[in-house]
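Student: mind folding the following:
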Amino acid sequence: MRTHNNCMSASTLKTSSLLPTAGVIALIAFALPAQAEDWRGWNIHPDGYPNTVALEEFAEAVEEQTEGRVSPRVYNNAVLGDQSDAIEQTRNGALDFANFNMGPMGPIVQETNVFSLPFLFNDVEHMHTVMDGEIGERFADALEDKGLVVLSWFDSGARSLYNTQHPIKTPGDVEGLKIRVMNNDLYVDMIAAMGGNATPMSYGEVYQSLTTGVLDGAENNYPSFESSNHYEVTGYYSLTEHLIIPECLCVAKSSWEELSEEDQAIVREVAEEASKRQRELWVESSEESRQIVLDHGVEINEVDDKGAFQTLMEPMYEEFIANNPGTGELIEEIRATE
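Tutor: Numbering: from 1, shown residues only. Next up is the predicted model:
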């Protein structure tokens, strides 16, 4: 528990006759309530976002079920710093809990770099199965060794390709298209492997670039595709689901170890419920966004053969494994999980 010692005044120490007896001290200590753990939580998302709602419900339930022994507060919109800063602050105990995307976690736990490989997971449910099972436990153990206790796994949906020209059903449909990607060599290589021209670009510039033809397309999940208004200037959204990156609800190891076993059990159980809630809210949010873009006339198509895309990524995987020894077996285990 975090406590603050109060110093006695000099006058109190002038005479031992004024000191309380041991019995009185014991009675005072018994009467004083234990100090609550005021937990500060980091969150990059705005109010109303599925993750934000789940985190705030987590905080409320923890305070209620621990009867105020743990009192979490969520700070939204990254007001406590960007994710890389927040990861370090949580590891050293300056922050108590957070919802982190695994994408930027590579410098802390090298194995998490595998999540940036395109077409690693077959779909979102496959990711859930992997992360809720033994492989997820191994990632959790590795993160705990670095000061982050994983309580449960959230998701951030699946990123898919959208463009102004035509549906993308096979890798050949990407050939010649100018596609905006995040600034990551893996994503540049992914588009290049399909014959497209990858263009790393600030997200804020994409709308205008799609309008003028500087770009033919981009990639993101349903809620972002809708909230960015990119659906207004693109006619085709293809469910490639090429990038599915899990997220964690993590607690600082130092904060976790201050809890009693009873409170640890409560917090973990509430976190698992928060994960279920976040996933439900994400599905709802995605469906609402999907309906908005459909109503606007966007054509949405399934991709029947993702294996054709995965095959084209093999040289990229080989290079990744060569540069990240020990990840080859992990990748095969993930792909084989059913």
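
Student: any idea how far the closest residue in space to residue 116 that isn't next to it in sequence lies from residue 193?
Tutor: Using Cβ to Cβ, 6 or more residues apart in numbering and skipping residues adjacent in sequence, the residue nearest residue 116 is residue 186, 5.3 Å away. Every residue, glycine included, has its C-beta placed from N, CA and C. Residue 186 sits 10 Å away from residue 193, going by Cβ to Cβ, to the nearest Å.

Student: between those two, which contacts overlap?
Tutor: residue 316 (Cβ atoms under 8 Å, 6 or more residues apart in numbering).

Student: just to confirm, which helix or strand has the residue nearest to residue 116 in it?
Tutor: Using DSSP states H and E, residue 186 sits in helix 185-193.

Student: contacts for that helix, please.
Tutor: Here helix 185-193 has contacts from 116-118, 171, 174, 179, 181, 197-198, 200, 242-243, 312-313, 315-316, 320, using Cβ under 8 Å, 6+ apart.

Student: are any of these buried, and which?
Tutor: With neighbours counted using 16 or more other Cβ atoms under 10 Å, those contain these buried positions: 116-118, 171, 174, 179, 181, 198, 242-243, 312-313, 316, 320.

Student: which ones among those residues are found in strands?
Tutor: Mapping the buried ones among the contacts of helix 185-193 onto strands (DSSP state E) picks out 179, 181, 198, 242, 243.

Student: tell me the contacts of the second one?
Tutor: Listed by Cβ under 8 Å, 6+ apart, the contact partners of residue 181 are 187, 188, 190, 191, 198, 199, 200, 218, 219.

Student: for the closest residue to residue 38 other than its chain neighbours, what are its contacts?
Tutor: Take residue 38 and drop its neighbours on the chain: the residue closest to it by Cβ to Cβ, 6+ apart is residue 71, 5.2 Å away. Residue 71 is in contact with 36, 37, 38, 39, 63, counting by Cβ under 8 Å, 6+ apart.

Student: now do the one helix or strand residue 41 maps to: which elements does it pack against?
Tutor: Assessed by DSSP H and E, residue 41 sits inside strand 37-42. Packed against strand 37-42 by the contact rule (3 or more Cβ pairs under 8 Å, 6 or more residues apart in numbering; DSSP states H and E) you find helix 50-65, strand 70-75, helix 83-91, strand 97-101.
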